[in-house]
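**Student:** what would the 3D arrangement of this be:
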Amino acid sequence: MNNAADIVLVFLVLTNLMLLGLSRLGACIRTVALQGIALGLLPLLTKGGHMELHGTAFAIAIILLKGGVFPWMLMRTLREVNAQREIEPFIGYGKSLAVGTLILVVCIWLGSRLPLPEPVMSSLIVPVAFFTIMSGLFLIVSRRKALTQVLGYLVLENGIYAFGVALVDKQPLLVELGWLLAGVPEELGGLGQGLAGACVLQIELGRRLAAVPFLPAPVAPASPGRRGGTRRGGGLPGHRTRR
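**Tutor:** I've put the predicted structure just below:
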């Protein structure tokens, strides 16, 4: 268990609860900015000097975008529309905090039931990621102003990012092994394992919650051919389509 990661994850939980209870839009934007900075620091704090250059550059870009660019754009919009508070939300702030606390309990229980690949940076990563996603969804459906709903979308994306950070070391290995192209024919650069091999791999990836886009990978190469592609005879080289 990483102490730095635990501190950041607890901070994410607190910012989610703050967003559910805040009415001033400026304070909400600043809270989302702090959440974005914390997420950008998460891989830097946990990996330290072991991160590669592109990983460090990506983390810095996340900090600049989530902690600077997006909040600046939202604050500029806030000044233009001259709206300072979320008036008459669909669900009141007290009830929102109660619902948020209940969601947090459910996410902690769910996270304790799901198997995870070893090692993970913290046992809190999955519950906090789920809670952040659900908090973003709750903000979207329970608030009236479009600006607050945009903040909900940003919080939701933060949760997805937090979940991906937990398995950031697993993605490159799966891509390099070519597992994402297990069902693609060998003449198209895949492994040629067919539908059965792809199904077996999908079951194992789902069992370990591997955060990789497996389903689109075997579907995408066949899609151009089924649509006719850019050539008269079919989409990809060597790919024959049924008439």
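**Student:** what about Thr46, how many residues close to it?
**Tutor:** 20 (other Cβ atoms under 10 Å). Glycine gets a C-beta too; all of them are placed from N, C-alpha and C.
**Student:** host element of it?
**Tutor:** Thr46 is located in helix 25-47, with elements delineated by DSSP states H and E.
**Student:** what residues sit buried inside that helix?
**Tutor:** 25, 28-29, 31-47 (16 or more other Cβ atoms under 10 Å).
**Student:** can you pull the contacts of the residue lying closest to Leu34 once chain neighbours are set aside?
**Tutor:** In space, and not counting its chain neighbours, Leu34 is closest to Thr15: 6.2 Å by Cβ to Cβ, 6 or more residues apart in numbering. Counting by Cβ atoms under 8 Å, 6 or more residues apart in numbering, Thr15 touches Thr31, Val32, Leu34, Gln35, Ala38.
**Student:** kindly recompute the last result at 7 Å.
**Tutor:** Thr31, Leu34, Gln35 (Cβ atoms under 7 Å, 6 or more residues apart in numbering).
**Student:** likewise for Leu78?
**Tutor:** Leu25, Gly26, Ile29, Leu147.
**Student:** just to revisit the earlier point, of the contacts of Thr15, which is the nearest to Thr77?
**Tutor:** Thr31 (16.4 Å; Cβ to Cβ).
**Student:** quick one: the closest one from Leu114, how far?
**Tutor:** Note on Thr31: its distance to Leu114, by Cβ to Cβ, to the nearest Å, is 28 Å.
**Student:** Met75 now?
**Tutor:** To Leu114, Met75 is 37 Å away according to Cβ to Cβ.
**Student:** so in the chain, where's the weakest helix or strand by average pLDDT?
**Tutor:** Least confident helix or strand of the chain, by mean pLDDT, DSSP states H and E, is helix 222-226 with a mean of 45.
**Student:** what's the mean pLDDT across the helix holding Thr46?
**Tutor:** For helix 25-47, mean pLDDT is 87.
**Student:** just after that helix, pick out the following helix or strand.
**Tutor:** helix 53-64.
**Student:** could I get the contacting residues of Tyr161?
**Tutor:** Leu39.
**Student:** need phi/psi at it.
**Tutor:** Torsion angles at Tyr161 (phi, psi; degrees, to the nearest 10) stand at phi -60, psi -40.
**Student:** separation between it and Leu110?
**Tutor:** Here the criterion is Cβ to Cβ. By it, Tyr161 lies 19 Å from Leu110.
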